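**Student:** Need a 3D model of the sequence below.
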Amino acid sequence: MSFIVSKFKCKGITFFSLLHVTHYSSRFSTAAVASIEPKIPPDLSSCIVQDKDLLLKSLNPSGTGLHVLDLVDEGSLEPHPTLYHLLLKKCTFLRKPKLGKIVHAHISNSHFRGDVVILNTLLNMYAKCGCLDDARNLFDEMSVKDMVTWTTLITAYSQHDRPLDALLLFPQMLSLGFFPNEFTLSSLLKASAALSDTPQIYFHGAQLHGFSFKCGFHSNVYVGSSLLDMYARCGCMDEAHFVFDVLPTKNEVSWNALIADHARKGQLDRALSLFLKMLRQDFQPTHFTFSSIFGACASTGSLEQGKWVHAHVIKSGGEIIAFMGNTLLHMYAKSGSIQDAKMIFDRLVKRDLVSWNSMLTAYAQHGLGKEAVQCFQKMLNIGLVPNDITFLCLLTACSRAGLLEEGQYYFKSMNRYNIEPGISHYVTIVDLLGRAGLLNEALRFINEMPIQPTAAVWGALLGACRMHKNVEMGSFAAERVFELDPHDSGPHVLLSNIYASGNRWRDAAKVRKLMKESGVKKEPACSWVEIQNTVHMFVASDDSHPQMGAIYKKWEEISARIKEIGYVPDTSHVLFYMDEQEREVKLQYHSEKLALAFALLNSPDGSTIRIKKNIRVCGDCHSAFKFVSKVVGREIIVRDTNRFHHFYDGSCSCGNFW
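**Tutor:** Model prediction:
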């Protein structure tokens, strides 16, 4: 795009030249356009300003800041609304609010300072660039406003995490006689859905739903999509489905909204069902659709379904762009397939900081500390600047791999990037020191922290005490946790384990009694395994599965074989007073062992077994799985709440610390 800047001060010629070249530039060369302009006298000099030069800075230090505006001030170019619109749209597209402010200042000194259309473009520039205070100041200064003005500011607040400010504008707008359109209502509904308090979401959302119904916008596809998303975010899925079902016209946005809401709740089956229905009705899924499905697969560890959706992306010719690629990478990592996660990372069209952080997280989850360090160094080599999340991922990887020196070094190097360590960073260092058996150093580190230690910090020390069987320090750490978070069952169970491992059964019983009196309940353990796209779930001593007889028999067979090569049941993990034989029997039917036996019965020889558990894996089961991996010659991957355990040939990737 270009326009002629003529020194001939005829408004008609300059104005005509600007519009004419803008209109024809995509079809004709500059010479061709010049031939169409007989009105410009041949003896007058002229120059061409290209689109790429619109934001060229002033050649003169005393100029306005933009060369084009200097030409206006010199009289070489007459000011016109089209010029200001072009400049502001360019600033918006390139996210250059500082240059936009220069244009704003120039408009303020021109006779267009009251032009509502130009001011709306300026308001949109501030909004899109995230300069909400500047946008609000301009909004308040505007003597004339229209519906576009109100909608622009409401949308800006809605899109930049200031939902209450957006909602407060609505009654003001109505009181001045403005009538909202579908875009205004859609933004207001998105704002209500972004509120942190669920009752508030429902209150504001229901009011807006009623208003939309009165105005006849309830069946509009944009308003309807925002309505169903609002209902879903406050847990009203029946209402969300009702809004969706009665929409006379649906588009990809409405489908995506409902799929994303089910995915956020971990309802993979419902999300996949909607996805298939969407395909059958000839709607094309977008990158947002796929990201939602991959996110749901990641939360449930559903590798087979995730692979199927990934295959659909490939068949449809979709490109693995950054944000979808990041969720796909995360899905493979959370499903236990670190090799596939790395493959996706390597094939990303463009890697942003989130991509690198996702890969670091994947390495951390799987205990691959050295790989995480190498990944971090590659990130630095290409000039990418790490943030606090990067360091948290890196420190977690170092902690889980036992890389003491590297972890301490990277913790200290955070200052180099002006990053202040948060509580999560301190937790990883306590965990790192505890893993190395440096319990006194870990306690000293906690006492010297510049911020108040939380329950998570003391919990990390408590976990280390359990691992190294330090009863006294473990009791001290547990007391601190109980003070800060008395309702968390995890620390109570850890302390019981510490006492039980030291045969201090009375103390273990006291902890159990304390839990009962305080109303603290241990989350029931369950494990699940996916075979041929079907998830099979088990609890301890389960007798509900159709194959339970064969499962019990299979585990008894495996148990006998691993005892032959050295497995000894660790009865300290049974936290009840009973004789040794009873304790051993109780151990044998934990949920993860039943899931493993089922997988051995129903999966091909040599294939990898993937098991998920909702709480930390039992110590005795962990020991048994190491022996099983050696006996059956298969890799067993267990994902618990802490990390992934890769059991292979008699050892585990966690190094027996988790």
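**Student:** for the chain, which residue is closest to the average position?
**Tutor:** Residue closest to the mean C-alpha point of the chain, counted by C-alpha atoms, centre = their mean, is T327 at 8.1 Å.
**Student:** mind checking how far the strand or helix carrying that residue is from the chain centre?
**Tutor:** Using DSSP states H and E, T327 sits in helix 322-334. Helix 322-334 has its C-alpha centroid displaced from the chain centroid by 10 Å (C-alpha atoms, centre = their mean, to the nearest Å).
**Student:** again with stretch 168-178
**Tutor:** Distance of stretch 168-178 from the chain centroid (C-alpha atoms, centre = their mean) equals 35 Å.
**Student:** go on, stretch 249-257?
**Tutor:** With C-alpha atoms, centre = their mean, you get 22 Å for stretch 249-257.
**Student:** my guess is M414 contacts F391, does it?
**Tutor:** Yes - M414 is within contact range of F391, at 5.4 Å (criterion: C-beta atoms under 8 Å). All C-beta atoms are positioned from the backbone trio N, CA, C, and that covers glycine.
**Student:** residue boundaries of the helices in the stretch 501-650 of the chain?
**Tutor:** For the stretch 501-650 of the chain, applying DSSP state H, counting those that start in this stretch gives helices covering 505-518, 548-564, 580-587, 591-602, 619-632.
**Student:** Show me what the fourth one is packed against.
**Tutor:** On a contact count with 3 or more C-beta pairs under 8 Å, 6 or more residues apart in numbering; DSSP states H and E, helix 591-602 meets strand 526-531, strand 534-539, helix 548-564, strand 609-613, helix 619-632.
**Student:** go again using 10 Å as the cut-off
**Tutor:** Here helix 591-602 touches strand 526-531, strand 534-539, helix 548-564, strand 609-613, helix 619-632, strand 636-639, going by 3 or more C-beta pairs under 10 Å, 6 or more residues apart in numbering; DSSP states H and E.
**Student:** and if you look at the longest one?
**Tutor:** Helices and strands in packing contact with helix 548-564 are listed as strand 534-539, helix 591-602, helix 619-632; criterion 3+ C-beta pairs under 10 Å, 6+ apart.
**Student:** follow-up on the earlier one: spell out which residues sit in contact with the residue nearest to the centre of the chain, please.
**Tutor:** With contacts defined as C-beta atoms under 10 Å, 6 or more residues apart in numbering, T327 is in contact with 263, 287, 290-298, 306, 344, 354, 358.
**Student:** And it, how far from H468?
**Tutor:** 38 Å (C-beta to C-beta, to the nearest Å).
**Student:** quick one: low-confidence parts of the stretch 51-200 of the chain?
**Tutor:** Within the stretch 51-200 of the chain, no stretch has pLDDT under 70.
**Student:** Could you pull up the contacting residues of H366?
**Tutor:** With contacts defined as C-beta under 10 Å, 6+ apart, the neighbours of H366 are 333, 336-338, 341, 372, 397, 400-401, 637, 639, 643-646, 653-654.
**Student:** What pLDDT is listed against the closest residue to V632 other than its chain neighbours?
**Tutor:** The shortest distance from V632 to any non-neighbouring residue, by C-beta to C-beta, 6 or more residues apart in numbering, is to L600 (6.6 Å). At L600, the model reports a pLDDT of 96.
**Student:** Which parts of stretch 93-100 count as buried, going by neighbours?
**Tutor:** Across stretch 93-100, burial judged by 16 or more other C-beta atoms under 10 Å covers K96, P97, L99, G100.
**Student:** so I102 sits in a strand?
**Tutor:** No - counting by DSSP: H, G, I helix; E, B strand; the rest coil, I102 is located in no strand; its state is helix.
**Student:** For C526, see how far away it is.
**Tutor:** 62 Å.
**Student:** quick one: the helices in the stretch 351-500 of the chain?
**Tutor:** Using DSSP H, counting those that start in this stretch, the helices of the stretch 351-500 of the chain run over residues 353-365, 369-381, 388-401, 404-412, 423-435, 439-447, 455-468, 471-484, 489-501.
**Student:** With mean neighbour count added, can I get these in CSV?
**Tutor:** As requested, the helices of the stretch 351-500 of the chain are exported to CSV (neighbours: other C-beta atoms under 10 Å):
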stretch, mean neighbour count
helix 353-365, 23
helix 369-381, 17
helix 388-401, 25
helix 404-412, 17
helix 423-435, 23
helix 439-447, 16
helix 455-468, 23
helix 471-484, 19
helix 489-501, 22
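**Student:** can you redo those as CSV with distance to A560 and mean pLDDT?
**Tutor:** Converted to CSV, those look like this (distance: least, C-beta to C-beta, whole Å; pLDDT from 0 to 100):
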stretch, distance to A560, mean pLDDT
helix 353-365, 34, 95
helix 369-381, 36, 96
helix 388-401, 33, 96
helix 404-412, 40, 97
helix 423-435, 34, 96
helix 439-447, 38, 97
helix 455-468, 29, 91
helix 471-484, 34, 90
helix 489-501, 26, 79
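**Student:** can I get these in JSON lines with distance to G210?
**Tutor:** What follows is the helices of the stretch 351-500 of the chain, written out as JSON lines (distance: least, C-beta to C-beta, whole Å):
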{"stretch": "helix 353-365", "distance to G210": "39"}
{"stretch": "helix 369-381", "distance to G210": "50"}
{"stretch": "helix 388-401", "distance to G210": "41"}
{"stretch": "helix 404-412", "distance to G210": "54"}
{"stretch": "helix 423-435", "distance to G210": "43"}
{"stretch": "helix 439-447", "distance to G210": "53"}
{"stretch": "helix 455-468", "distance to G210": "43"}
{"stretch": "helix 471-484", "distance to G210": "44"}
{"stretch": "helix 489-501", "distance to G210": "43"}
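**Student:** K521 is nearest to which of the ones you listed?
**Tutor:** Nearest to K521 among the helices of the stretch 351-500 of the chain is helix 489-501 (6.2 Å), distances taken as C-beta to C-beta.
**Student:** So which bits of the helix holding T327 are buried?
**Tutor:** M324, G325, N326, T327, L328, L329, H330, M331, Y332, A333, K334.
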